[in-house]
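**Q** Kindly generate the corresponding structure for this input.
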Amino acid sequence: MSSTTTASAVTVTEPGDRSVLQVREQPVAPPGSGEVQVEVAAAGVNFIDVYKRQGVYPVQTPFVLGEEGAGTVTAVGDGVDGLAVGDRVAWCMAGGSMATVVNQPASALVPVPDGIGLELAAAAMLQGLTAHYLVTSTHEVKAGETALVHAAAGGVGQLLVQMVTARGATVVATAGTDEKLEIARRLGAQHLVNYSETDDLAAAVRQVAPDGVDVVFDGVGRSTFDASLASLRPRGLMVLFGGASGQVPPFDLQRLNGAGSLFVTRPTLAHYIADRAEYEWRAREVLGALADGSLTLEVGGRYPLDRAADAYAALEGRESTGKLVLVPGA
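**A** Take a look at the predicted model:
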């Protein structure tokens, strides 16, 4: 068993804005029972990190940021089967990922297949599995349906466009610039709406989908929620899976009745990977598709640990496309 080592880690010192982020040195003990120690190749940058940093999702401080990553196994604790030193692994919904070395539960790790680099695997886990559960389980997208995908050039958005299109459905994509919409078009979106050029987003959507859409995948939140509801067909489903523009305030449920017996759900990834077999299935499908080229994911920015605040500035300012990652060795 290895001895205690030292790791650099992006640490949230107290709830707040990006100024509370610090890179600190911390000891990392040998992996305990059921744990694996990993040298981190990359960690994904996600909005859930922002919510935890701000205190929207309360976490006792100080804590190490990051919910997903990928790397190489350097030590294995007692009671761990099926993993060995040198294995390439990835994970999501496992905290403390933004560090040079981490101990993670073996149950959180999945193998990274040949044909995909560790940075791409890290970029794909949280958002890739999110897109996967959204189109397979939250709403099983079917051929002939129409789906509205907000922020379609973002990390989840790009994956949703591809997955929805691959299932034979039509995508109405929104984004704030023509350049971002062009990314969505290249990935398969049939209809494009620039929300910075319209005062009535729902009306713009209904110009291309007059009867309304079957499902809305909305990770933006406050600024798009009303338009999302107004874009749905009767008995359509509003899937609110994030709040990039802020959290949606409480609203009168009678609005759902009056708008056509609408459905609204607020899912989260943890409940769709709690079962190990389901977790492995989702990871295998997403990473396998990236490895064979049937799914693509743009890594829109690579940052060293000491530039974590810059990465989150780009994410929170909606200035990025694709997925941002922190690379400890950069």
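
**Q** switch to C-alpha atoms for all contacts and neighbour counts from now on
**A** OK.

**Q** and the nearest residue to Val327 once chain neighbours are set aside, what element?
**A** In space, and not counting its chain neighbours, Val327 is closest to Ala42: 4.5 Å by Cα to Cα, 6 or more residues apart in numbering. If you go by DSSP states H and E, Ala42 is part of strand 35-44.

**Q** Need the mean per-residue confidence for that strand.
**A** What strand 35-44 shows for mean pLDDT is 98.

**Q** contacting residues around it?
**A** The contact list for strand 35-44 (Cα atoms under 8 Å, 6 or more residues apart in numbering) reads 30-31, 66-78, 80, 97-106, 118-119, 122-123, 126, 323-329.

**Q** Centre of the chain to it, how far?
**A** Taking Cα atoms, centre = their mean, to the nearest Å, one finds strand 35-44 lying 18 Å from the centre of the chain it belongs to.

**Q** buried sites along the following helix or strand past it?
**A** Later in the chain than strand 35-44, the nearest helix or strand by DSSP H and E is helix 47-54. For helix 47-54, a neighbour-count test (16 or more other Cα atoms under 10 Å) marks 48-54 as buried.

**Q** Now do helix 47-54: which elements does it pack against?
**A** Helices and strands touching helix 47-54, by 3 or more Cα pairs under 8 Å, 6 or more residues apart in numbering; DSSP states H and E, are helix 308-316.

**Q** Tell me how far whichever helix or strand comes after the helix it packs on lies from the chain's centre.
**A** Sequence order places strand 323-326 as the next helix or strand after helix 308-316, per DSSP H and E. Centre-to-centre, strand 323-326 and its host chain are 11 Å apart (Cα atoms, centre = their mean).

**Q** could you pull out the helices for the stretch 1-150 of the chain?
**A** Per DSSP state H, counting those that start in this stretch, the stretch 1-150 of the chain carries helices over the ranges 47-54, 118-133.

**Q** Determine which of these shows the lowest mean per-residue pLDDT.
**A** Among the helices of the stretch 1-150 of the chain, helix 47-54 carries the lowest mean pLDDT, a mean of 92.

**Q** That one vs helix 118-133, what angle?
**A** Angle of helix 47-54 versus helix 118-133, following axes from the mean of the first three to the mean of the last three Cα atoms, to 10 degrees, is 100 degrees.

**Q** and which of the buried residues of helix 47-54 is nearest Glu319?
**A** The closest of the buried residues of helix 47-54 to Glu319 turns out to be Val50 (Cα to Cα; 15.4 Å).

**Q** Thank you, goodbye.
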